[in-house]
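Colleague: Got a predicted model here, sequence first, then my questions.
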Amino acid sequence: MKNTGQLSRRQILAAAGFIGLAGLTGCGSGDDGADAKDLSKKREGAMQEYRAGQPFKATEPLTFSLLHLSNPVYPPKAGWLFWKELTRRTGVTLKTTDVPYSDYEKKRSLLIGAGDAPLLIPKTYPGQETPFVSSGSILPVSDHIELMPNFRDKLRRWKLEPEVDSLRQSDGKYYLLPGLHERVKSGYSLALRTDVLGRLGLKPPSTWDEVYEVFKAIKAEYPDRYPFSDRWNQPEPAGALLQSVGQAYGVRAGWSYLNASWDPQGEKFVFTGATEKYRQVIEYLRKLVDEKLMDPEGFTQSDDDAVKKLLSERSFAISANPQELVQNYRYNLQRQVKGATIEMIPVPLGPAGPVVLGGSRLENGMMISSDALKRDDFVALMQFVDWLWYSDEGQKFTKWGVEGVTYTASGGGYRVAEGITLMGSDPDAPKDLQKDYGFYNGVFSYGGSWELVSSSFGPDEKKFQDAMSQREELPVDPAHPLQSVEQEQATLWDTPLKDHVRQNTLRFVLGKRPLSEWDAYVSELKAKNMDQLIDLHNKAYERFRKEHG
């Protein structure tokens, strides 16, 4: 990532605005107070002196409940070393509610709405906490970060205050503890059969226009097959692909889609799914489907079906992340197709140029049930969260496990122990760090220093990340916290609008609705209160700018 050493005007506005806001609510994003709440009676199990860089160990055994996403790649096991070692080190036992990936968002909402949510609610992406704010069911965590020295330390050292301030609600507080990255880390792009490209005299594409030309050449060679058949269609069709193509056009799409997005030229918020840039994303994918360069089933099929097509050479390209590239695609292709090679390319470029969408140093994070504040062990809970998710030692533990048992360290580097594989590092190893030991679990292991994040990079990911790090991160959207009444109204409008965008994106791309009906589609969005939603965001922006700018 390019680092100009300066904040953009919008970042300065956001930071300056929250300095003013801090005067009303406590302090800045690294020093929010606890609203003078007396926590002296809520210190059961807490350490009396707890500082950044210090191990956490509860003074008596504690149990905390946690919503746990069950990843199909490494479904949870009661016998994982992770659980046992976590309790040994911290004195804390986690009581988990395991939920499959496909049901996680729905189950989370149902549990919170019913008042039955576990204390700790991880795997929540920025923005997903907003619907639960007005009910008082989740904790305003910014009131209590004085209990989290490691979290505060990383905010300051990595200059993450503007990004975290963007999470604040109209009351000046934020309700999500996000994952914190020292540097931008990109995760998804396309993987292509490079042996096929080489045989056809083609180079790996660097732009989406070149992707189109490569697919045309493959189609000419294999007219009875689709060059591209995709995956990752949950919780929405082609989430990873739309995100990648959207990035090239400078618009949030797919997994990163938000209804309201900032237009820097017009200096106002606009409705993402009605913009010309979003239409251009749809037009590009429509062209791939129309010319039979992309399998239409790639927007609805299961991950397994998509991978089976790749392995049986019914397709030659698929969305990828570094783990799937090595552990799934390459490993299995080499055993099924003689001479097959496959590589993941940097996200292809488009009209927006070499950019990475802003805010990507914040990852999925943690909501905490407001019931936690009623407990006598509240302080210990916050210390535990701070150590496990935000301390260097806790992050190393959740990623690599136990030194001498699951990994070895030498010269600042890490390697899984002999007989253990991590994301295909040793395909013939009898044990897997994730499946058999429970480490490198996405519920616990994310974010951190670049040294730690890059410590598990294989040659493929290092090459990919080196290329992506040369791109410029777009600044975060300016602060525009909605008031509680506005937020309640926005929540009522937001989901129906997002659903309509998703449904019609798929219909346009698959040709089930002609693009000549784009204006009609926009009119349908207006009928679902599109303009009113955007007015709320722009009024909130203007109000905040005038009060704190």
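Modeller: Good, I have the coordinates.

Colleague: CA atoms for contacts and neighbours, from now on please.
Modeller: Will do.

Colleague: Would you check that residue 260 makes contact with residue 270?
Modeller: Yes - at 5.7 Å, residue 260 and residue 270 qualify as touching, with contact defined as CA atoms under 8 Å.

Colleague: and for these two, which residues touch both?
Modeller: residue 534 (CA atoms under 8 Å, 6 or more residues apart in numbering).

Colleague: For residue 404, the count of nearby residues, please.
Modeller: Close neighbours of residue 404, defined as other CA atoms under 10 Å, add up to 11.

Colleague: got the contact list for it?
Modeller: Taking CA under 8 Å, 6+ apart, one finds residue 417 in contact with residue 404.

Colleague: Stretch 120-140: end-to-end distance?
Modeller: 13 Å (CA to CA, to the nearest Å).

Colleague: Now that stretch: average pLDDT?
Modeller: For stretch 120-140, mean pLDDT rounds to 92.

Colleague: do stretch 209-229 as well
Modeller: So the average pLDDT for stretch 209-229 ends up being 98.

Colleague: Now do the buried residues in it.
Modeller: Neighbour counts over stretch 209-229 (16 or more other CA atoms under 10 Å) mark 211-212, 214-219, 225-229 as buried.

Colleague: how far away is residue 411 from residue 455?
Modeller: 12 Å.

Colleague: coming back round to it: can I get the buried residues of stretch 209-229 in TSV with secondary structure and distance to residue 169?
Modeller: Shown next, in TSV, are the buried residues of stretch 209-229 (DSSP: H, G, I helix; E, B strand; the rest coil; distance: CA to CA, whole Å):
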residue	secondary structure	distance to residue 169
211	helix	41
212	helix	42
214	helix	46
215	helix	45
216	helix	48
217	helix	50
218	helix	50
219	helix	50
225	coil	50
226	coil	46
227	coil	45
228	strand	42
229	coil	40
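
Colleague: which among those gets closest to residue 250?
Modeller: residue 211 (17.8 Å; CA to CA).

Colleague: Please name the nearest non-neighbouring residue to the closest one.
Modeller: Nearest residue to residue 211, sequence neighbours excluded (CA to CA, 6 or more residues apart in numbering): residue 205, at 5.4 Å.

Colleague: For residue 241, which non-adjacent residue is closest in space?
Modeller: Here the residue nearest residue 241, using CA to CA, 6+ apart, is residue 319, at 6.6 Å.

Colleague: does the one you found belong to a helix or a strand, and which?
Modeller: strand 317-320 (DSSP states H and E).

Colleague: ok, residues contacting the helix or strand just after that strand?
Modeller: Moving toward the C-terminus from strand 317-320, the next helix or strand (DSSP H and E) is helix 322-324. With CA under 8 Å, 6+ apart as the test, helix 322-324 has contacts from 187, 188, 344, 423, 424, 460, 461.

Colleague: Residue 342: what's it in contact with?
Modeller: With CA under 8 Å, 6+ apart, residue 342 has these contacts: 191, 192, 193, 194, 195, 325, 329, 330.

Colleague: so what's it closest to, chain neighbours aside?
Modeller: residue 193 (4.3 Å).

Colleague: wait, that neighbour sits on residue 344?
Modeller: No - assessed by CA under 8 Å, residue 193 is found out of contact with residue 344, at 9.1 Å.

Colleague: okay, the two: which has more neighbours?
Modeller: Neighbours were counted for residue 193 and for residue 344 using other CA under 10 Å; residue 344 has more, 26 against 23.

Colleague: And residue 411 and residue 455? Which one has more around it.
Modeller: residue 455 (17 against 5).

Colleague: Next, that one: secondary structure please.
Modeller: helix (DSSP: H, G, I helix; E, B strand; the rest coil).

Colleague: mind starting the numbering at 254 from now?
Modeller: Got it, the first residue is 254 from now on, which makes the last one we talked about residue 708.

Colleague: And the pLDDT at it?
Modeller: Confidence score, pLDDT, at residue 708: 89.

Colleague: how close does the residue nearest to residue 551 when sequence neighbours are not counted sit to residue 432?
Modeller: Leaving out its chain neighbours, the residue that sits closest to residue 551 by CA to CA, 6+ apart is residue 483, at 4.3 Å. Using CA to CA, residue 483 is found at 28 Å from residue 432.

Colleague: quick one: the residue lying closest to residue 470 once chain neighbours are set aside and residue 469, what's the gap?
Modeller: For residue 470, ignoring the flanking residues on the chain, the nearest one in space by CA to CA, 6+ apart is residue 453 at 7.7 Å. Residue 453 is 11 Å from residue 469, where distance means CA to CA.

Colleague: Could you do residue 702 as well?
Modeller: 41 Å.

Colleague: Any stretches of the protein with poor pLDDT?
Modeller: Along the chain, the parts satisfying pLDDT under 70 run over 254-290, 610-613, 801-802.

Colleague: what packs against the lengthiest helix in it?
Modeller: Counting by DSSP state H, the longest helix found in the chain is helix 737-763. Helix 737-763 is packed against helix 529-543, helix 771-780, helix 783-801, with contacts defined by 3 or more CA pairs under 8 Å, 6 or more residues apart in numbering; DSSP states H and E.

Colleague: what does the shortest one contact?
Modeller: With contact meaning CA under 8 Å, 6+ apart, helix 771-780 is reached by 527, 750, 753, 757.

Colleague: how about a cut-off of 7 Å?
Modeller: Residues from elsewhere that reach helix 771-780 (CA atoms under 7 Å, 6 or more residues apart in numbering): 527, 750.

Colleague: Now do that helix: distance to the chain's middle.
Modeller: 30 Å (CA atoms, centre = their mean, to the nearest Å).

Colleague: circling back: next, the residue nearest to residue 551: secondary structure please.
Modeller: Applying three-state DSSP: residue 483 is coil.

Colleague: Please apply the same query to residue 560.
Modeller: helix.

Colleague: Just give the closest residue to it, not the sequence neighbours.
Modeller: Nearest to residue 560 is residue 582, by CA to CA, 6+ apart, at 7.4 Å.

Colleague: hmm, back to that, neighbour count winner among residue 483 and residue 432?
Modeller: Ranked by neighbour count (other CA under 10 Å), residue 483 and residue 432 place residue 483 first, with 30 against 24.

Colleague: Test my guess that the more buried one contacts residue 560.
Modeller: No - contact between residue 483 and residue 560 fails when scored by CA atoms under 7 Å: they sit 8.3 Å apart.

Colleague: Number of residues surrounding the residue lying closest to residue 327 once chain neighbours are set aside?
Modeller: With CA to CA, 6+ apart as the criterion, residue 327 has its nearest non-adjacent residue at 4.5 Å, and that residue is residue 688. Number of residues near residue 688 (other CA under 10 Å) recorded here: 20.
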